[in-house]
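**Student:** For reference, the sequence and a predicted model appear below.
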Amino acid sequence: MARIVKTKKKRRSFQLQNFAAMLFLFSGMLYLASSLFLRSYNNRLSTQKQSIENQIAAIEIQNKATEVEIAKLSSADRIDEVAASNGLTVNQENISMITDGSAANGD
């Protein structure tokens, strides 16, 4: 009977050792799979970030060019040129200045 008890303990210990080894291997494979997945996901996010930054830079350049064009189109000299090319003239006698009066009082 004493031998039966010893062999049962050895079997349980052996089964526990197998379970621990399988658990270790399984966790190692999960670690490798997750690290590979996260690395590829990180690379994909990095390329998306660079693409978006390039798009933002291109749009900022377009915005600056549009601001310059707006400044050119809304200048008084350009308006005078367009009016002169269409035969319009500025008559200084017909121009009247309206002030709100606060600047005239000096207050």
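**Tutor:** Sure, I can see it.
**Student:** what about the helices in this structure?
**Tutor:** 2-73, 76-85, 102-105 (DSSP state H).
**Student:** by contact count, what packs against the first one?
**Tutor:** What that stands for is helix 2-73. On a contact count with 3 or more Cβ pairs under 8 Å, 6 or more residues apart in numbering; DSSP states H and E, helix 2-73 meets no helix or strand. Quick note: C-beta positions are derived from backbone N, CA and C, even for glycine.
**Student:** The helices of the chain into CSV, with extra columns for mean pLDDT?
**Tutor:** What follows is the helices of the chain, written out as CSV (pLDDT from 0 to 100):
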stretch, mean pLDDT
helix 2-73, 87
helix 76-85, 82
helix 102-105, 58
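**Student:** would you list those helices in TSV and tack on mean neighbour count and distance to Asn91?
**Tutor:** TSV is the format used below for those (neighbours: other Cβ atoms under 10 Å; distance: least, Cβ to Cβ, whole Å):
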stretch	mean neighbour count	distance to Asn91
helix 2-73	10	25
helix 76-85	10	12
helix 102-105	8	25
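**Student:** Export those helices as JSON lines, with columns for distance to Glu93.
**Tutor:** Below are the helices of the chain laid out as JSON lines (distance: least, Cβ to Cβ, whole Å):
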{"stretch": "helix 2-73", "distance to Glu93": "29"}
{"stretch": "helix 76-85", "distance to Glu93": "17"}
{"stretch": "helix 102-105", "distance to Glu93": "22"}
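**Student:** looking at the ones you listed, which is closest to Ile95?
**Tutor:** helix 76-85 (13.0 Å; Cβ to Cβ).
**Student:** what's that closest one packed up against?
**Tutor:** So helix 76-85, by 3+ Cβ pairs under 8 Å, 6+ apart, packs with no helix or strand.
**Student:** Taking helix 2-73 as reference, get the angle to it.
**Tutor:** Going by axes from the mean of the first three to the mean of the last three Cα atoms, to 10 degrees, helix 76-85 is angled at 50 degrees with respect to helix 2-73.
**Student:** Numbering from 461 from now on, please.
**Tutor:** Yes, from this point I'll number from 461; that puts the last item at helix 536-545.
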